[in-house]
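S.K.: Sequence plus the predicted model coming up.
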Amino acid sequence: MRPLAIVTASLLTALTLVAACAHTGTRDYAASAPPDAVRHMPEPFPNAYIGMPYADWRAAHPNVAPPDADGFDFRIVISQPDPLPGVTEVTWYFDTDTPGQPLYEAIVDYGPNADRRAAAIAKLGPPNHGEEWMHQTSMGYPIKLWAFSTKVVIAAGMAGTEWDGEW
């Protein structure tokens, strides 16, 4: 092989390896989450789970717009439009007072996609807490879900968050 061909082949191999590492180097944070943190979600959101640290969420969602200014200093609010087919928007709440700034609430808005919302609710099974769903978790806090309007809300009663001690 001629020297230029060797250099070209080596460069192409190196670029291919770098591209492959960049692609496979992304990790699905939800796959490594405690099972309770994802099992009760109304949708299988990749790279998101209840209790996920804000820095990990941000690293997994670099193209999502910065936090919304909602006027509260106890939480970080991020609105993510069209995260999944059939989901119009998800609003993610991260606690600012708790170490790691964990994800403690997600509001999933289905907009006009009533069938998708109904399918998500059906996957939750029958409500077990009045008209809502409540689950004790191995993480030491309850998770509660409720539906209203075009939305399904999932919230954790984790220590230090706005839902601490509410249920």
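M.R.: Arrived safely.

S.K.: quick one, helices of this structure?
M.R.: Counting by DSSP state H, the chain has helices at residues 3-24, 35-39, 54-60, 114-124.

S.K.: Out of those, name the one with the poorest average pLDDT.
M.R.: Sorting these by mean pLDDT places helix 3-24 lowest, at a mean of 32.

S.K.: residue contacts, the most centrally placed residue in the chain?
M.R.: Nearest residue to the geometric centre of the chain (CA atoms, centre = their mean): residue 48, 2.4 Å. For residue 48, the contact set (CB atoms under 8 Å, 6 or more residues apart in numbering) comprises 29-30, 41, 57, 60-61, 92, 103, 106. Heads up, the C-betas are built off the backbone N, CA and C, glycines and all.

S.K.: Pick the one among those closest to residue 158.
M.R.: Nearest to residue 158 out of the contacts of residue 48 is residue 103 (CB to CB; 9.8 Å).

S.K.: ok now do the residue nearest to that closest one when sequence neighbours are not counted, which residues does it touch?
M.R.: Spatial nearest neighbour of residue 103, chain neighbours left out: residue 52 (4.5 Å); criterion: CB to CB, 6 or more residues apart in numbering. Counting by CB under 8 Å, 6+ apart, residue 52 touches 29-30, 33, 37, 102-103.

S.K.: Compare these and tell me which is most surrounded.
M.R.: When neighbours are counted by other CB atoms under 10 Å, residue 103 leads the contacts of residue 52 with 26 neighbours.
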